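Trainee: my questions are about this predicted structure, shown below with the sequence.
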Amino acid sequence: MNHSLAKRRHSRQRIRGLSALFGLFTLILVVGLVLGLVVFFRSPGSGDLSRSASDDSSRISDQASSTSQQVARSGADDGAEDVGAIYLTDVRITDLMSGCSQEYYYDRDTAFMVPVLVDKLVTGYTEPLQRAKNELAQLGPEAMEAVRRLAEKWYTDQNGLPYVQNALDVAVMSDEPLAREIVLRLLEHPRDSLRRIALGGMAARHAILEDFEPLWFQLEAESVSIQQLILPAMYKADPARAEALFLDWIESGTHAPLWSGLANLLSGSVRPETAARCAELLGAVPKTMKPLFAACAARAGDVESLEFLRTAISEGPELERERAVFACGRAELVELLLSALINDGSASVRLTAITSLAALDATPKIDATLSESLGDSEEGVRRIALAALIRRGDQAATDQALALLEGDSKSRNDALSALRERMLVDAELADRARGRLIMVDHTRKHLPLEERFGVLKTIGAIPGAESAKLLRKIALEHPGKLAKHRAHQMLMVNASNTGEAGRAWLYSELENETDPLKRIDLLWSSTCFRTDGSRAHLRDFLSDPDRNPYEILFASEQLARLGPAQEVASLLKRICYRIQQQDVRDGMRCLLWKWY
């Protein structure tokens, strides 16, 4: 019995020893695991690992918010200011990283962009959709075939009408032969809105000789409102045949609701046969149409028609005079237009006359009358005369416009409108205009920047690097607000209007600027216009992988806006791959999905 008791005691001691040993092993294992996790999470870069396609869906939900506070530095100094938070105060940056659910891996093939752009006709946001339309219209027959397939796919689906319209918009803008076939196909669509767009495309670009009879046949089946759109398409297809047919309708008294539109088309004809028939029908057409018929005949030398217009302009009531002057403009009857501009007491009649004269080629007589009109009592007449004379290189008119720059805001705007076209090709004129405005601003230097802003905006519209330099200088001198925004931002917006030379200088200023928000101002102002210069600036900027990630994201959005997709999409995709900062990489992925 004693032996049995001793045996049981020995067993219990053995069990207690094993339990202690197991407990010690468990403790060591737990401590080792904890230490391993601590080392892992404190190791450099562990919180900034790039995601692969497989781990996108399991990403920790708060990783983006933590990485958005990472250090984003403009310089290499260890003591450089942490500017990441500064970039994130600018909505131009934060808008690129918010409101998007497409932060997952972008896996589309960007080597050939036609399928991607066609998809945007179905899924695109407003701006990417319009860019896709514009680019597809220029991409050749393969792109047009893809657009045709899209139109056919949704042709009969009520829910697909917007996609069919998008495809039609592309075809209307394209010169491809297949584009014309798409437009013709949509002329058969039961939806009025699509037929209207298609008819606009036929009239503007696509109608050819063989389309005349199908259009005529369709006209007979359409409502009057759509018939009025078919007329210019028929005229585009075969002008001579259209004029003869339209005159037949008037002579036979048919299609009366269309006569007004027909008369407008006929009034610009230069065909002797049409002019002769217009003279014959002058007594038969309604009173409101007589000036248009008379103008067509008078251009060809019909004395009776010319006398009719002369009497209407000199003796008729104001509305009748205005109609007669408009008709004279359609037929380019210069003598009658000059008479109306010089002698008529109605401002609206003189405006109608000078609008037509300003569009004609310069002659000594026209230019002399335009010069006299600089003193007209009607402001609109003076404005049109001034712009026309400056386009013709008239020195007196140019001097008058330069003097107006020293006046009030309305005078400055009128002068700028008249001078702008010439200044784009005449650097000396731009310098003179800028000098006037600088003198005006000098007299206002004691005023708050808000009160100087009108003159500074006008300086921003003067082409040349000197305009950009001046606005940048003033912007750096005024760190406060202007029109509820930072002064530098507002002045750089206006500096973007200084032309290619001005924008090139603004881009060069990025080398001298370290302030994050001012750098974004400069990057925007130097690349906001859809020009080769802007594209070159952005490509140069993005070629440096050491740029601040937020700036790379902003520049990428700018380049996507400019396009073309076939050239820039692959570049932006490669940039997305090399970005390590998680919130910026998410923004780049959203950008790629939005545009492509």
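Mentor: Nice, I can see it.
Trainee: list the contacts of the residue lying closest to His255 once chain neighbours are set aside.
Mentor: Sequence neighbours aside, Trp249 is the residue nearest to His255 in space, at 4.4 Å (criterion: CB to CB, 6 or more residues apart in numbering). To be clear about C-beta, it is placed using only N, CA and C from the backbone, and glycine gets the same treatment. Contact analysis of Trp249 by CB atoms under 8 Å, 6 or more residues apart in numbering lists His255, Leu258, Trp259, Leu262.
Trainee: so which of these comes closest to Val164?
Mentor: Ranked by distance to Val164 (CB to CB), these are led by Leu258 at 28.1 Å.
Trainee: my guess is the closest one meets Val224, correct?
Mentor: Yes - counting by CB atoms under 8 Å, Leu258 touches Val224, with 7.2 Å between them.
Trainee: who has more neighbours, those two?
Mentor: Between Leu258 and Val224, Leu258 has the larger neighbour count (other CB atoms under 10 Å), namely 18 against 10.
Trainee: wasn't that one part of a helix?
Mentor: Yes - Leu258 forms part of a helix when assessed by DSSP: H, G, I helix; E, B strand; the rest coil.
Trainee: gap between it and Leu219?
Mentor: 9 Å (CB to CB, to the nearest Å).
Trainee: what separates Ala237 from Glu243, distance-wise?
Mentor: Taking CB to CB, one finds Ala237 at 12 Å from Glu243.
Trainee: show me the shaky parts of the stretch 251-400 of the chain.
Mentor: Within the stretch 251-400 of the chain, no stretch falls below the threshold (pLDDT under 70).
Trainee: following element in sequence after the lowest-mean-pLDDT helix or strand in the chain, please.
Mentor: Within the chain, judged by mean pLDDT, DSSP states H and E, the helix or strand with the poorest mean is helix 63-67; its value is a mean of 33. Later in the chain than helix 63-67, the nearest helix or strand by DSSP states H and E is helix 84-87.
Trainee: next, the buried residues of that following helix.
Mentor: Residues Gly84, Ile86, Tyr87 are the ones in helix 84-87 that count as buried (16 or more other CB atoms under 10 Å).
Trainee: sorry, back to before: shared neighbours, Leu258 and Leu219?
Mentor: Residues touching both Leu258 and Leu219 (CB under 8 Å, 6+ apart): Gln227, Leu231.
Trainee: what's the pLDDT at the residue nearest to His255?
Mentor: Looking at Trp249, its pLDDT is 97.
Trainee: how about the helix or strand hosting it: buried residues?
Mentor: Assigned by DSSP H and E, Trp249 belongs to helix 239-252. Across helix 239-252, burial judged by 16+ other CB under 10 Å covers Pro239, Ala242, Glu243, Leu245, Phe246, Leu247, Ile250.
Trainee: can you put the residues you listed in TSV and add distance to Glu307?
Mentor: Formatted as TSV, those follow (distance: CB to CB, whole Å):
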residue	distance to Glu307
Pro239	28
Ala242	28
Glu243	24
Leu245	29
Phe246	25
Leu247	22
Ile250	22
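Trainee: farthest pair within these?
Mentor: Pro239 and Ile250 (16.6 Å).
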